[in-house]
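1. Starting from these lines, generate the structure:
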Amino acid sequence: MEHSEVKAIYNKYIREKNLRDTKQREFIIEEFLSSKKHITVEELHGQLEKRTGNIGIATIYRTLKVMCECGLANEIKLGREKARYEQSFGYEHHDHLICEKCGKFIEAKDERIEKLQKELVKKYGFSPRAHKLEIYGLCSACKQKRRKDG
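-> Predicted structure coming up:
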């Protein structure tokens, strides 16, 4: 997905909501789009500090919130862990396998699961707005390490 297309959607949204566009927000969006991973606000802040100097954490939170509102990002909250953000515009829906030991995220897609979900909402006459599937456990590396240690 072209960064310019994402920025155009973002800019249109903030104009409609009468929000200000700032150079800091542009830096945040560019760094977020370049990260290509599930990232916390703190990780994004660290990357931005190296590149652009001081951008406040609150500004990053507000910018990511707006990106979620306009469909460009998803917030993933895992229990008591810090929220992570991922790009969503132009990306196919997927689910997550999440390692509880090392925090690794595995993006997974299976058409059988998607089909079952569609059948389920149809059966109950439900109109879904969004959905997500997160499976928690141990990744193969952590399982192997556990066997060796234990």
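
2. Beta-bridge partners for residue 105, please?
-> Beta bridges link residue 105 to residue 98, judged by DSSP bridges.

3. For it, list the residues it contacts.
-> Listed by C-beta atoms under 8 Å, 6 or more residues apart in numbering, the contact set of residue 105 reads 38, 76, 84, 96, 97, 98, 99. Placement of C-beta: from N, CA and C, glycine included.

4. Show me the domain layout of this protein.
-> Following automatic domain parsing, the chain resolves into domains at 1-91, 93-150.

5. do you know how far the residue most central in space within the chain is from residue 39?
-> Nearest to the geometric centre of the chain sits residue 86, at 2.0 Å (C-alpha atoms, centre = their mean). To residue 39, residue 86 is 8 Å away according to C-beta to C-beta, to the nearest Å.

6. Need the buried ones from the contacts of residue 105 selected in PyMOL.
-> Buried subset of the contacts of residue 105, written as a PyMOL selection, criterion 16 or more other C-beta atoms under 10 Å:
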select buried, resi 38+76+84+96+97+98+99
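
7. Alright, calling it a day.
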